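Q: Okay, sequence plus prediction incoming.
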Amino acid sequence: MQIVTLTTTILFLLFATTSYTQTKIEAFGQVPQPARPDYSKLENWAAHPSKKDKADKIPRPLKTELTNLPDKVDVFFVHPTIFTETPQNEYLWNAAVEDDKMNKQVDKTTIKLQASIFNQAGKVYAPRYRQAHIRSFFEPYTQEGNKALDLAYEDVKNAFEYYLKNENKGRPFILAGHSQGARHLKLLLKEWFDGTDLYKQLIAAYIVGWGVEEGTYESIPLGTEPEQTGCFVTWRTYNRGYMPDWIQDEDVCVNPLTWKADTTYAPYSANEGAILLGFNILRKKLFDAQVHGPVLWVGKPKMFLGGLFQRDNYHVGDFNLFYLNVRRNAILRARTFLEQNG
C-alpha cells in the first residue's frame with residue numbers, strides 16, 4: 001500500500017497541470033508593479049557561477065561524467081511560470097524578484113530539475129525576473145496578461161544585456177528556457193540573433209514548451225541533427241493520440257530522443273534517463289517519443305502502475321522526462337561548436 005501511495009504521489013506531482021480561476025481581477029495598468037531588478041546584484045540571479053545554487057546539482061549517477069566545458073561555454077537559462085497561486089500582495093500580474101517564498105519555489109523546482117541539465121555544457125546563468133502570473137495565458141485575462149508578459153520579457157532582455165556586457169567575455173553560449181521562459185527566449189532569439197553578429201556565438205537554443213512557427217527566423221534553422229549548432233530545437237509533450245485545440249499546425253517540433261524533426265519513432269530504450277521526484281534516481285526507458293505534426297507524443301510511462309495512468313498533458317515534464325538525453329546533447333553541441341570554431 002505504501003508503494004502504491006508513493007507512486008501515485010510521484011505521478012500527481014509530475015503530471016498535474018495548473019489551472020487558475022479568479023472571477024474578478026483588476027486591469028494590469030490599475031495595480032502597482034514590482035521594482036525593476038538590478039542584475040548587478042547577485043541575489044537577482046537564481047543561478048550564477050559566482051554563487052552556489054541548485055543549477056550546480058548533479059544527479060548521483062552522473063557525478064563521474066564531468067567536462068571542462070564550463071571553462072569555455074556559458075548557458076543562459078530562463079525559467080517557466082512558478083507564479084501560479086492567488087497573489088498574497090498587491091502585485092497581481094507580475095511576481096517580485098525579492099519574493100523569498102517564490103524564489104525558493106523557483107530554485108527547488110525548475111532550477112534544480114531543468115537548469116541543472118546544462119551544468120556540464122557550460123556555466124549556468126539564470127536570472128530572476130518579474131514573471132507573469134499564470135492567468136496571463138488564459139481567457140478572459142490574455143489581453144491584460146500580454147502586458148504582464150511584455151514586462152517579464154523586458155527583464156529577460158535586461159538580464160541578457162547585463163550578462164553580455166559584464167559576464168560573457170566573448171564565450172559561446174547556449175540559450176535554454178521552458179514554457180514562459182521559452183516564450184521570452186523565442187522573442188530574444190528573433191530580436192537579438194536573427195541576422196546579427198551575435199548569432200556567431202550561439203551554440204544552440206532549447207526553446208521548450210512553447211510553440212515556434214515555421215519561418216519564425218530568417219537565418220536560424222531548426223535543429224534536425226544531434227550535433228547541429230547555430231540552431232534552435234523545440235518540443236511540447238502530450239499523450240499519444242491527444243492534440244490540444246490551441247496548437248497551430250505550422251508549429252515545428254523536434255524529438256529529444258532522436259534530435260530529428262521527422263516522424264521516426266524513438267522507443268523506450270532510447271530514453272537514457274528521466275528524473276521525477278527523486279533527483280538522484282535516473283529512470284531509464286520511462287518514455288518513448290514520436291513527433292506528430294507540431295507536438296511530441298509519448299506513450300504511458302514504463303513504471304509501476306504506469307499502465308494504469310492516463311494523462312493528456314505532460315507539459316511540466318518537457319525537460320526532465322528526457323533529462324539525460326538533453327544533458328548529453330547539450331554537451332555534444334557545445335563540443336562540436338568548439339571544434340568547428342577552433
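A: In hand now; what should we look at?

Q: Now do the same contact list for residue 27.
A: Shown in contact with residue 27 (CB atoms under 8 Å, 6 or more residues apart in numbering): residue 144. For glycine as for every other residue, the C-beta is placed from the backbone atoms N, C-alpha and C.

Q: Could you check how far it is from residue 143?
A: Here residue 27 is placed at a distance of 9 Å from residue 143 (CB to CB, to the nearest Å).

Q: same thing with residue 25?
A: Distance of residue 25 to residue 143, given as CB to CB: 12 Å.

Q: Look at those two and report which has more neighbours.
A: residue 25 (17 against 11; other CB atoms under 10 Å).

Q: Contacts only, for the nearest residue in space to the more buried one that is not next to it in sequence.
A: Once flanking residues are discounted, residue 25 sits nearest to residue 92: 6.2 Å by CB to CB, 6 or more residues apart in numbering. With contacts defined as CB under 8 Å, 6+ apart, the neighbours of residue 92 are 25, 26, 31, 133.

Q: Now, of the residues you listed, which are buried?
A: Among these, the ones that count as buried by 16 or more other CB atoms under 10 Å are 25, 133.

Q: Go through the contacts of residue 92 and say which is closest to residue 196.
A: Nearest to residue 196, judged by CB to CB, of those is residue 133 at 32.0 Å.

Q: Hmm, that closest one is touching residue 87, no?
A: Yes: counting by CB atoms under 8 Å, residue 87 is a contact partner of residue 133 at 7.0 Å.

Q: ok so residue 135 is a strand residue?
A: No: checked against DSSP: H, G, I helix; E, B strand; the rest coil, residue 135 lies outside a strand; its state is helix.

Q: can you count the residues close to it?
A: Burial of residue 135 is recorded as 25 neighbouring residues (other CB under 10 Å).

Q: Kindly provide the distance from residue 280 to residue 116.
A: Applying CB to CB, the value for residue 280 to residue 116 is 12 Å.

Q: higher neighbour count, the two?
A: More crowded of residue 280 and residue 116, by other CB under 10 Å: residue 116, with 27 against 12.

Q: Pull the contacting residues for that one.
A: Applying CB under 8 Å, 6+ apart, the residues near residue 116 are 54, 55, 56, 57, 58, 124.

Q: Now do the buried residues in the helix or strand where the last one lies.
A: Spelled out, that is residue 124. Using DSSP states H and E, residue 124 sits within strand 123-127. Neighbour-count burial for strand 123-127, counted by 16+ other CB under 10 Å, picks out 123, 124, 125, 126, 127.

Q: Direction included, what does it pair against?
A: When pairs are called by DSSP bridges, strand 123-127 turns out to pair with strand 45-47 (antiparallel), strand 74-78 (parallel).

Q: what comes into contact with it?
A: By CB under 8 Å, 6+ apart, the residues outside strand 123-127 that reach it are 37, 39, 44-49, 55-56, 70, 73-79, 111, 115-116, 118, 155-156, 159-160, 163, 167.

Q: Quick one: buried ones out of the residues you listed?
A: 37, 39, 44-48, 55-56, 70, 73-79, 111, 115-116, 118, 155-156, 159-160, 163, 167.

Q: So which of the residues you listed belong to helices?
A: Among these, the members falling in helices (DSSP state H) are 155, 156, 159, 160, 163.

Q: where do the strands sit along the stretch 101-250 of the chain?
A: 123-127, 173-178, 202-208, 231-233, 237-239 (DSSP state E, counting those that start in this stretch).

Q: quick revisit: make TSV from the strands paired with strand 123-127 and add distance to residue 290 and mean pLDDT to it.
A: Output for those, formatted as TSV (distance: least, CB to CB, whole Å; pLDDT from 0 to 100):
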stretch	distance to residue 290	mean pLDDT
strand 45-47	32	98
strand 74-78	27	99
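
Q: Relative to residue 98, which of the strands of the stretch 101-250 of the chain is closest?
A: strand 123-127 (13.4 Å).

Q: what angle do the closest one and strand 173-178 make?
A: Computed with axes from the mean of the first three to the mean of the last three CA atoms, to 10 degrees, the direction of strand 123-127 lies at 50 degrees from that of strand 173-178.

Q: now do the same end-to-end measure for stretch 221-232.
A: End-to-end distance for stretch 221-232: 7 Å, by CA to CA, to the nearest Å.

Q: Next, residue 268: phi, psi?
A: phi -50, psi -30 (degrees, to the nearest 10).

Q: wait, it sits on residue 288?
A: Yes: counting by CB under 8 Å, residue 268 touches residue 288, with 4.7 Å between them.

Q: Quickly list what's touching both of these two.
A: Residues touching both residue 268 and residue 288 by CB under 8 Å, 6+ apart: residue 299.

Q: neighbour-wise, which of the two wins?
A: The neighbour comparison of residue 268 against residue 288 (other CB under 10 Å) goes to residue 288, with 21 against 16.

Q: so who does the more buried one touch?
A: Residues near residue 288 by CB under 8 Å, 6+ apart: 257, 265, 266, 267, 268, 270, 271, 298, 299.

Q: That concludes my questions; thank you for your assistance.
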